[in-house]
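Asker: here are the coordinates; sequence isn't available:
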């Protein structure tokens, strides 16, 4: 373990309709010590109030993953896609040569809580792509389940693999880390010990020069693990 990124140390932006924590530098928040981790460029924890959302805007040359923790998010883009993202769904948009999209909380009363993740692709000017898959709770229970990567159910254009594990109190999960690779752990719910270090919801950890990532939940928890070249 070479760095812990505590939840309360992240950047923070309050736009009224949107409250967002930034693990890495983003928009008006800049920290030269936390710009990126390998190809992992953005982990934003967003809370979008009922009836609000991100208006139509443009991206390019980025792999964008949206993972809803609670509530719903309605998506539309210039490729003609329209969908609603719910807990258990992984949405991936390869912005490539350029795409415009909007994300909106359709609920009249409930907020939406999500993680927005950006990964730098392995090449520029890709043809824009969209993908959304649902992962049943049983597939994520008690182990690290591969959800996104170059040869994963959700395809991304980078040597980066995203795993999700949901653990009951006292349950453990392990992931081997090959030589020369690093990992980023992000806790979305609960409290865990990662290679012996306690992390809670919102905390992240950079893991390098380790042969294994070991997680034990001290209360019901969910973690995201990025295995990176």
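Answerer: Perfect, thanks for sending it. This one's a predicted model, so the numbers in the text were calculated from it and none came from an experiment.

Asker: spatially nearest residue to residue 127, not counting backbone neighbours?
Answerer: Among residues not flanking residue 127 along the chain, residue 96 sits closest, at 5.6 Å (C-beta to C-beta, 6 or more residues apart in numbering). (C-beta placed from N, C-alpha, C; glycine too.)

Asker: what is the burial count for the one you found?
Answerer: 20 (other C-beta atoms under 10 Å).

Asker: next: the one 3 residues further on.
Answerer: Using other C-beta under 10 Å as the criterion, residue 99 is surrounded by 22 other residues.

Asker: just the helices from this structure, written as ranges.
Answerer: Ranges of helices within the chain are 137-140, based on DSSP state H.

Asker: remind me which residues of it are low pLDDT?
Answerer: Across the chain, the ranges flagged by pLDDT under 70 are 1.

Asker: show me how it divides into domains.
Answerer: For the chain, automatic domain parsing gives the domain ranges 9-134, 137-228.

Asker: what residue in this structure is the furthest from its centre?
Answerer: residue 108 (25.4 Å; C-alpha atoms, centre = their mean).

Asker: what's near enough to touch that one?
Answerer: 50-51 (C-beta atoms under 8 Å, 6 or more residues apart in numbering).

Asker: kindly report the same for the one 4 residues further on.
Answerer: Applying C-beta under 8 Å, 6+ apart to residue 112 gives the contacts 46-48, 68, 70-73, 105.

Asker: tell me the one among the residues you listed nearest to residue 163.
Answerer: Nearest to residue 163, judged by C-beta to C-beta, of those is residue 68 at 17.6 Å.

Asker: check contacts around that closest one.
Answerer: Residues near residue 68 by C-beta under 8 Å, 6+ apart: 85-87, 89, 112-114.

Asker: how much space separates it from residue 223?
Answerer: From residue 68 across to residue 223, the span is 16 Å (C-beta to C-beta, to the nearest Å).

Asker: same question for residue 7.
Answerer: Noted for residue 7: a distance of 14 Å to residue 223, by C-beta to C-beta.

Asker: between those two, which one's more packed in?
Answerer: Higher neighbour count among residue 7 and residue 223: residue 223, with 27 against 15, using other C-beta under 10 Å.

Asker: any idea how far the more buried one lies from residue 183?
Answerer: The gap separating residue 223 from residue 183 is 11 Å, by C-beta to C-beta.

Asker: re the thing from before, for the residue nearest to residue 127, give me phi and psi.
Answerer: In terms of degrees, to the nearest 10, the main-chain angles of residue 96 are phi 50, psi -130.
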